[in-house]
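[1] Predicted model and sequence follow; I will ask about them next.
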Amino acid sequence: MKRATCIAMVFCFAVAISGCRSTDDEDPQSSSDASQPNEARDAGVAEEAQDAVDNERNAGPDTQDSDATVGVVRSYVFKDMVQPPRPPAEVEVPTTDGTRELSFSLYDSQIDAVREGNARFAFDLYHKLVAEAESGDNLIVSPHSISVALAMAYAGARGNTEKEMAHVLHFALSQKLLHPVFNYLALELATRAEPSADGQDIEQNADAEEKEDSGFQLSIVNAAWPAIGFEMVPEYIDVLQKYYNSALYPVSYEDPERAREIINGWVAEQTARRIDDLIPSRLLDSDTVLVLTNAVYFKAAWVNHFDESKTSDRVFHLWDGGDVTVPMMEQQFDFRYAEGESWQAVEIPYEREELSMVLIVPKAASNLTQLEASLSYEQLSLVIEALEVRDTLIRMPKFSFKADFSLKQPLIDLGMVDAFGPADFSGITEEGGISICDVLHNAFIAVDEAGTEAAAATAVIFKTIDGGGSYEQAKITLDRPFIFLIRDNPTGAIVFLGRVVDPTAPAE
């Protein structure tokens, strides 16, 4: 990994909020009027769950026997607000019957199982990447982008390949229910980009120039790039389109450099040109049969901007005991704040207050290793629960980072071995004989007085196997290495997760 790069982790876990109708505490039969397009399936969600339990192929090592069919069932109806992004000019788009599901019923416990699993995978991967990074590296990765891209690949996994992927990715539901929950999470996050109260429209698939000029933005899109003539199982295509809203763009890998340019161009367009070279030269070749891509773009202003006139040069204490001078922003306001014996945390909301950045800093610069070692789904939950509104003075540096790396070895180290070797992806193509060549991930983040811009993209490349209260004012100064998160507050989705070790490191 390059020095001073970022690891952007984006993953999604959610509960029902705006943008859908939720019939709280209703039984699936009584909510059929809210979900007419899929009435029979909605009414029978409990029966589906039991069918999935009886389906041994879907019962991976981490699959719960009940498929989490406990608690309240809710029905959801979403607007068709996210269309598949338009294809590159040279790509012929096939005619398919795939239609995204916008009306369905799910148990709360099923949604919780996926969001918790995604979170656990995110921290597993973060720890693996931190262990491989140099002590002076800034890190940022996107768990949601990675989880979604690998979930699309997982839909075609069978046998031991499927079991290993389920174990590493913490997929606790059967395939029959996992992908509908991912669809729900994507649709829920898409509501963040709906027109604001003042009527301002946010275009999900805008050009880069339009993205740069518009307001709050959160765009998450998928695409599949099969080789021309590569025959995929119809049911697999159906999963991609119904649950991941994935466009299908056949390309010729006989000209691998041109195929790379087409895919990278699409990713660049979806990320406002922040991710412009996801797939490097000479990785694709005539043995490539399929590339799955996910792209995320986020841009938002703080609810309360930092006053630029208060930004001044201050000392930032590095991990190794050295110091650097950085532009340090300053703001005093009522923020949600918490602290423990060895750490402080603060949450800074973005406009609309549905997403926020959570900053966690050790009380001594040298303690970042200890803080990171304790970072887990449970520990983050405790930090979030401890946050309380207090008059808080924040000082934090401006920073901007970029990342590009391969996830192949970290995933293998976590236990996803067969997918990269003697894989069984017969759910993608009946002929089999394909495996994952690499999983690539790029990320970008920039934080300043106005707000945050962040982007991430993931590519899964397949080839043939042979080829509030009465407190004193709180004060938090982030003048030493710290951890940051950008999270969606209503759903708890961690959109980005990383650390800042040296704010002066070049953005590259």
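    Looks like it came in fine.
[2] May I have the secondary structure class of His305?
    Following DSSP: H, G, I helix; E, B strand; the rest coil, His305 is assigned to coil.
[3] Make sure Ile140 is indeed in a strand.
    Yes - under three-state DSSP, Ile140 falls within a strand.
[4] going forward, begin numbering at 489 instead of 1
    Sure, I'll start counting at 489 from here, so that last one is Ile628.
[5] Quick check: bridge partners of it?
    Gly986 (DSSP bridges).
[6] Any idea how many residues pack against it?
    If you count neighbours by other CB atoms under 10 Å, Ile628 ends up with 28. Heads up, the C-betas are built off the backbone N, CA and C, glycines and all.
[7] any idea of the mean pLDDT in stretch 781-800?
    Stretch 781-800 comes out with an average pLDDT of 96.
[8] in that stretch, what counts as buried?
    For stretch 781-800, burial by neighbour count (16 or more other CB atoms under 10 Å) applies to Thr781, Asn782, Ala783, Val784, Tyr785, Phe786, Lys787, Ala788, Trp790, Phe794, Thr799.
[9] do stretch 914-922 as well
    Ser914, Gly915, Ile916, Thr917, Ile922.
[10] got it, and stretch 732-741?
    Buried residues in stretch 732-741 (16+ other CB under 10 Å): Tyr732, Asn733, Ser734, Ala735, Leu736, Tyr737, Pro738, Val739, Tyr741.
[11] Check the offset of it from the chain's centre.
    20 Å (CA atoms, centre = their mean, to the nearest Å).
[12] for stretch 619-632, same thing?
    15 Å.
[13] before we move on, what about stretch 732-752?
    On CA atoms, centre = their mean, the centre of stretch 732-752 falls 22 Å from that of its chain.
[14] Dump the C-alpha coordinates for stretch 767-777 into PDB.
    Output of stretch 767-777 as PDB, limited to C-alpha atoms (Å, rounded to 0.1, in the frame of the first residue of the first chain):
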ATOM      1  CA  ILE A 767      -8.900  -0.800 -13.100                       C
ATOM      2  CA  PRO A 768      -5.200  -0.500 -13.900                       C
ATOM      3  CA  SER A 769      -3.600  -1.300 -17.200                       C
ATOM      4  CA  ARG A 770      -2.800  -5.000 -18.100                       C
ATOM      5  CA  LEU A 771      -5.200  -6.400 -15.500                       C
ATOM      6  CA  LEU A 772      -8.000  -7.200 -18.000                       C
ATOM      7  CA  ASP A 773      -7.300  -9.700 -20.900                       C
ATOM      8  CA  SER A 774      -9.100 -12.000 -23.200                       C
ATOM      9  CA  ASP A 775      -9.700 -14.400 -20.300                       C
ATOM     10  CA  THR A 776     -11.900 -11.800 -18.500                       C
ATOM     11  CA  VAL A 777     -15.600 -12.800 -18.600                       C
END
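[15] So which of the buried residues of stretch 732-741 belong to helices?
    The members of the buried residues of stretch 732-741 that map onto helices under DSSP state H are Tyr732.
[16] now the buried residues of stretch 732-741 in JSON lines, with pLDDT and distance to Leu899?
    JSON lines is the format used below for these (pLDDT from 0 to 100; distance: CB to CB, whole Å):
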{"residue": "Tyr732", "pLDDT": "95", "distance to Leu899": "20"}
{"residue": "Asn733", "pLDDT": "93", "distance to Leu899": "25"}
{"residue": "Ser734", "pLDDT": "93", "distance to Leu899": "21"}
{"residue": "Ala735", "pLDDT": "88", "distance to Leu899": "25"}
{"residue": "Leu736", "pLDDT": "92", "distance to Leu899": "25"}
{"residue": "Tyr737", "pLDDT": "94", "distance to Leu899": "25"}
{"residue": "Pro738", "pLDDT": "94", "distance to Leu899": "27"}
{"residue": "Val739", "pLDDT": "95", "distance to Leu899": "25"}
{"residue": "Tyr741", "pLDDT": "97", "distance to Leu899": "23"}
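[17] low pLDDT regions in the stretch 589-738 of the chain?
    Within the stretch 589-738 of the chain, the stretches with pLDDT under 70 are 682-703.
[18] next structured bit after the longest strand seen in the chain?
    In terms of residue count, the longest strand belonging to the chain (DSSP state E) is strand 811-827. Next helix or strand after strand 811-827 toward the C-terminus (DSSP states H and E): strand 831-837.
[19] helices and strands around that next one, which ones?
    Other helices and strands packing on strand 831-837, by 3 or more CB pairs under 8 Å, 6 or more residues apart in numbering; DSSP states H and E, are strand 811-827, strand 843-850, helix 865-874, strand 876-885, strand 962-965.
[20] That one to strand 811-827, inter-axis angle?
    Here strand 831-837 runs at an angle of 80 degrees relative to strand 811-827 (axes from the mean of the first three to the mean of the last three CA atoms, to 10 degrees).
[21] Surely Phe675 is in a helix?
    Heads up, residue 675 is Leu, not Phe. Yes - assessed with three-state DSSP, Leu675 lies in a helix.
[22] Nearest residue to it in space, please, no chain neighbours.
    Excluding its sequence neighbours, the residue lying closest to Leu675 (CB to CB, 6 or more residues apart in numbering) is Phe566, at 4.4 Å.
[23] All set, thanks.
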